[in-house]
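S.K.: Okay, here's the prediction I keep looking at, along with the sequence it came from:
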Amino acid sequence: MSDSRECIIPAEALTDPKRRELLRAWVAHQNLHVSIFLPDDWGAKPAHWGIALTDIIRHLADAYQKQHGIAPEETIRQIREMIDAEFASPTSGVTGDFVE
């Protein structure tokens, strides 16, 4: 039985024996909590995350269009605007540890 507070695993991920989860994020106790996996084959190249995060933003834009009728370009504009604002003046710091 799945927990309705967790995202479902996409069917394509379930059928690939080489699958690997990269990112999980939760809002708990009014804060963001993240679990991250750094793929070995990405090496010391954090730019790969730019591609992954951009794809995630595009999926978010598609979801907002389907659920709320917001044009994907508008969703992407708002997200990019907030990313710039958050980098310029963070609302919180990064805490915790990276565990290998």
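M.R.: Received the coordinates, thanks.

S.K.: what's the distance between the longest helix along the chain and the middle of its chain?
M.R.: Counting by DSSP state H, the longest helix found in the chain is helix 47-68. Remark: helix 47-68 is offset 8 Å from the chain centroid, using CA atoms, centre = their mean, to the nearest Å.

S.K.: doesn't residue 24 make contact with residue 34?
M.R.: Yes - Residue 34 lies in contact with residue 24 (CB atoms under 8 Å); the separation is 6.9 Å. Placement of C-beta: from N, CA and C, glycine included.

S.K.: Check what contacts stretch 67-77 and list those residues.
M.R.: 57, 58, 60, 61, 62, 64, 65 (CB atoms under 8 Å, 6 or more residues apart in numbering).

S.K.: What is the end-to-end distance of stretch 17-37?
M.R.: 17 Å (CA to CA, to the nearest Å).

S.K.: quick one on the thing from earlier: how about the contacts of stretch 67-77 in TSV, adding distance to residue 99?
M.R.: What follows is those, written out as TSV (distance: CB to CB, whole Å):
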residue	distance to residue 99
57	27
58	30
60	27
61	32
62	33
64	33
65	37
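
S.K.: Okay then, goodbye and thanks.
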